[in-house]
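Sequence first, predicted model second:
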Amino acid sequence: MYRFCKVIGNKWSLVIVGSLSENETVGFNELLRMIKTNPRTLSMKLKELEKNGLVKRRVLEQERPIRVLYSLTDKGKEAMNVEKFISEWVSRWNLG
């Protein structure tokens, strides 16, 4: 559980993964508008999530300007199941 919290437990990682779970594929600027953070923070967190295998990054080089799309991997989708379970548990026991 500690490692799960370390990877996805910080504010922006959870918000990013949650936003990507609600949208199949999202571009960087669209994601930036959705979560309302600064570009540097978003870029840094996306790189961390990609490194941990939760987010997949796809570069569309044939488009001008070049677009980068992000989506959840199977591991990222499974992480949302854990988050959903924890949220339901917290609600059931009135812990938050």
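Thanks, I have the structure now. Numbers count the residues shown, from 1 in each chain.

what about the residue nearest the centre of the chain, which SS state?
Of all residues in the chain, the one closest to the mean position by C-alpha atoms, centre = their mean is Val17, 2.1 Å from it. The three-state assignment at Val17 reads helix, by DSSP: H, G, I helix; E, B strand; the rest coil.

List the buried residues in the helix or strand harbouring Ser91.
Assigned by DSSP states H and E, Ser91 belongs to helix 74-92. For helix 74-92, a neighbour-count test (16 or more other C-beta atoms under 10 Å) marks 76, 79-80, 83 as buried. Where C-beta positions appear, they are placed from N, C-alpha and C, glycine not excepted.

Just name the closest of these to Val7, please.
Val7 has its nearest neighbour among these in Ala79, at 8.0 Å by C-beta to C-beta.

Now for the closest one: which residues touch it?
4, 7-8, 17, 54 (C-beta atoms under 8 Å, 6 or more residues apart in numbering).
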